[in-house]
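# sequence isn't available, so here's the structure alone:
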């Protein structure tokens with residue numbers, strides 16, 4: 001694989017740890033870049049459920065959006081329901097795979113997934129992209145760390161926290177009760193700068 005990597009004129013990595021991996025492979029010019037989903041605005045994504053031809057199952061009242069992928073996690077789902085009840089929130093539990101537990105889940109369409117996240121009071125997830133969308137939509141969110149074979153995938157969350165200058169959002173038995181308020185002015189400014197930088201670099205590349 002190393003000889004093939006060296007044939008690329010440019011390599012962009014999503015996690016900061018990817019730069020170290022590339023250096024170990026002898027590739028010294030890899031660049032840490034933003035995830036492509038950040039290049040589009042929140043309103044662009046909202047247009048997917050605002051289309052009158054799209055049917056979305058709309059929840060009643062305030063809710064927490066719980067989105068879990070089928071990875072081992074260290075935090076019991078029942079504790080999220082207990083926490084939500086204390087805050088007088090219902091739980092919209094969405095999964096995109098065969099995750100099994102006794103709780104009722106929704107298998108959402110793409111417009112529904114965005115709609116539920118956009119309208120949530122809180123987002124709780126073990127998904128990198130759900131965390132990205134929580135930032136795009138300025139939603140308070142918590143991340144349930146992955147454990148077992150998927151533990152190294154937590155690196156992408158560390159990179160996300162660093163990139164947007166926010167405190168780690170991982171939760172355990174004690175920290176779900178903590179309010180880790182995010183400075184959205186800083187986050188939105190960083191998103192704008194990153195987006196503009198990527199667009200500018202793309203224009204320069206095409207004109208070279």
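Arrived safely, thanks for sending. Since this is a predicted model, take the numbers as computed values, not measurements.
# let's verify the residue nearest in space to the middle of the chain: helix, strand, or coil?
Per C-alpha atoms, centre = their mean, the C-alpha nearest to the average position across the chain is that of residue 131, at 2.2 Å. Of the three states, residue 131 takes helix under DSSP: H, G, I helix; E, B strand; the rest coil.
# same question for the strand or helix carrying residue 193, mean pLDDT?
Element membership for residue 193, per DSSP states H and E: helix 184-207. The average pLDDT for helix 184-207 rounds to 74.
# chain center to stretch 68-81, what's the gap?
16 Å (C-alpha atoms, centre = their mean, to the nearest Å).
# measure it end to end?
14 Å (C-alpha to C-alpha, to the nearest Å).
# ramachandran angles for residue 34?
phi -80, psi 160 (degrees, to the nearest 10).
# for it, which non-adjacent residue is closest in space?
residue 194 (4.8 Å; C-beta to C-beta, 6 or more residues apart in numbering). C-beta: built from backbone N, CA, C; applies to glycine.
# quick one: that neighbour and residue 38 touch, right?
Yes. Residue 194 is within contact range of residue 38, at 6.4 Å (criterion: C-beta atoms under 8 Å).
# which residues touch residue 3?
Applying C-beta atoms under 8 Å, 6 or more residues apart in numbering to residue 3 gives no contacts.
# run the chain-centre distance for the helix or strand hosting it.
According to DSSP H and E, residue 3 maps onto helix 2-5. Averaging C-alpha positions (C-alpha atoms, centre = their mean) puts helix 2-5 30 Å from its chain's average.
# next one: stretch 161-181
13 Å.
# the helix or strand residue 142 falls within: what's the following helix or strand?
Residue 142 belongs to strand 140-143 when assigned by DSSP H and E. Remark: after strand 140-143, the chain's next helix or strand is helix 155-163, criterion DSSP H and E.
# who are the packing partners of that next one?
Applying 3 or more C-beta pairs under 8 Å, 6 or more residues apart in numbering; DSSP states H and E, one finds that helix 155-163 contacts helix 16-24, helix 128-136.
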